[in-house]
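Trainee: sharing a model prediction with you, sequence too.
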Amino acid sequence: MSADYLAALPAATQEEIKQAAKIIAEGGLVAFPTETVYGLGANALDAYAVSGIYIAKGRPSDNPIIVHVSSVPMAEFVGEVNWMARYLMEKFWPGPLSLVIPSNPVVPETTRGGLATVGVRMPDNPIALALIETADTPIAAPSANKSGRPSPTDAETVRRDLGKNVDMVLDGGPTLVGLESTVLDVTGEHPVLLRPGGVSKEEIEKTLDMEVLLASDANSLKRSPGTRYRHYAPKVPLVLLDKGQHAFFCNSINKKWAWMGISEPPCAPEQKIIFRNLEEYARELFRAMRALESSGVEMIVAETPEEKGLGFALKDRLIRASGV
């Protein structure tokens, strides 16, 4: 086992990671930062440990968990890596791209949600990579929050959501991307996008020089987390607002509402959060939801982003948060 990732970190952080790796080895749960959101990790090869993730989150047991690795050889240990998967790994790893591949028997059904496939990714975060490497095992990790709630993008949110249900929280500061990874099924002749995320459909198509298909049936969608249940929801209703709906909305709204988006609101909300650009909208989305739900408003109104690039993933999260 190489110690490159661990050795590059400050001494105090190294000690925390060694402690966290020991917890993982003993079947415990550790929350840790990635470039996307914070993950709630357990030894991916230990069915009992992974069952603790489902219990801590209140997560449906048929919702598969993405397995985080620190190298391509570790991914090959977890599942069958074909040419398409390997090419995408070389291009986008470490990074916010999860690849669904046929699982090897070493991964228990608990981790896979009972499926024959497994989602794998290599996170682009030095703490995450050092933890996986030091634990010397792939780590299963969904977002470190109660199931259905907005994903956590800082350590304090993890502590508030999970409390004593997690054995340790590694604090790596705010995450950089703010939306979960793209999930791409590469088990067939054509790649199938199961969940949009930090790597866009356009980037993948350019890399592979082929069309990326969109998953449209339940059998495909069940291979990815975050696709079949209501997710990312704030405690107050969230609605999306297109520009063409502004006049009707302003004439009919009779609740205390908050606005978030890139543009100024069409009329006068109680609270507003204006993002500088699409990237900031995506990065701060879940933090903004949690801030606004606690501000005393009765509804959050979100500006509908343009449906391309990162905007496609952002709109996906907003739709799921709204429960539409």
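Mentor: Nice, thanks for sending it over. Numbering: from 1, shown residues only.
Trainee: looking at the protein, which helix or strand is least sure?
Mentor: Ranking every helix and strand in the chain by mean pLDDT, DSSP states H and E puts helix 218-221 at the bottom, with a mean of 58.
Trainee: following that one, which helix or strand comes up?
Mentor: Where DSSP states H and E defines the elements, the next helix or strand beyond helix 218-221 is strand 238-241.
Trainee: average pLDDT across that following strand?
Mentor: Summarised as a single mean, pLDDT over strand 238-241 is 96.
Trainee: which helix or which strand is home to the closest residue to residue 196 other than its chain neighbours?
Mentor: Once flanking residues are discounted, residue 196 sits nearest to residue 313: 3.8 Å by Cβ to Cβ, 6 or more residues apart in numbering. C-beta here means a position set from N, CA and C on the backbone, and glycine is covered the same way. Assigned by DSSP H and E, residue 313 belongs to helix 310-322.
Trainee: bridged to the closest residue in space to residue 80 that isn't next to it in sequence, which residues?
Mentor: Leaving aside its chain neighbours, residue 80 sits nearest to residue 102 (4.3 Å; criterion: Cβ to Cβ, 6+ apart). Beta bridges link residue 102 to residue 117, judged by DSSP bridges.
Trainee: okay, and the residue lying farthest from the centre of the chain sits in which element?
Mentor: In the chain, residue 251 marks the outermost C-alpha relative to the chain mean, sitting 36.8 Å out by Cα atoms, centre = their mean. Using DSSP H and E, residue 251 maps to helix 246-252.
Trainee: ranges for the helices of the chain?
Mentor: Secondary structure of the chain (DSSP state H): helices at 4-7, 11-25, 47-57, 72-78, 83-92, 109-112, 126-135, 155-162, 201-208, 218-221, 246-252, 278-293, 310-322.
Trainee: residue 303: which of those helices is closest?
Mentor: Across the helices of the chain, residue 303 has its closest neighbour in helix 278-293 (8.1 Å, Cβ to Cβ).
Trainee: tell me which residues in the closest one are buried?
Mentor: Judged by neighbour count (16 or more other Cβ atoms under 10 Å), helix 278-293 contains these buried residues: 278, 281-293.
Trainee: excluding its backbone neighbours, what's nearest residue 246?
Mentor: Nearest non-adjacent residue to residue 246, counting by Cβ to Cβ, 6+ apart: residue 266, 3.7 Å away.
Trainee: so which of the buried residues of helix 278-293 comes closest to residue 130?
Mentor: Using Cβ to Cβ, these come closest to residue 130 at residue 283, 23.0 Å.
Trainee: read off the pLDDT value for the spatially closest residue to the closest one that is not a sequence neighbour.
Mentor: Of all residues not flanking residue 283 in the chain, residue 178 sits nearest, at 3.5 Å (Cβ to Cβ, 6+ apart). Looking at residue 178, its pLDDT is 94.
Trainee: ok, residue 308 next?
Mentor: pLDDT, residue 308: 87.
Trainee: what's the burial count for it?
Mentor: Residues lying near residue 308 (other Cβ atoms under 10 Å) number 12.
Trainee: picking up where we left off before, so for residue 169, which of the helices of the chain sits nearest?
Mentor: Short answer: helix 155-162, nearest of the helices of the chain by Cβ to Cβ, at 5.2 Å.
Trainee: now the closest one against helix 278-293, angle please.
Mentor: In terms of direction (axes from the mean of the first three to the mean of the last three Cα atoms, to 10 degrees), helix 155-162 departs from helix 278-293 by 50 degrees.
Trainee: list the helices and strands helix 155-162 packs on?
Mentor: Contact here means 3 or more Cβ pairs under 8 Å, 6 or more residues apart in numbering; DSSP states H and E; on that basis helix 155-162 packs against strand 30-33, strand 38-43, strand 168-169.
Trainee: now the angle between strand 38-43 and that helix, please.
Mentor: Using the same axes, to 10 degrees: helix 155-162 against strand 38-43 is 70 degrees.
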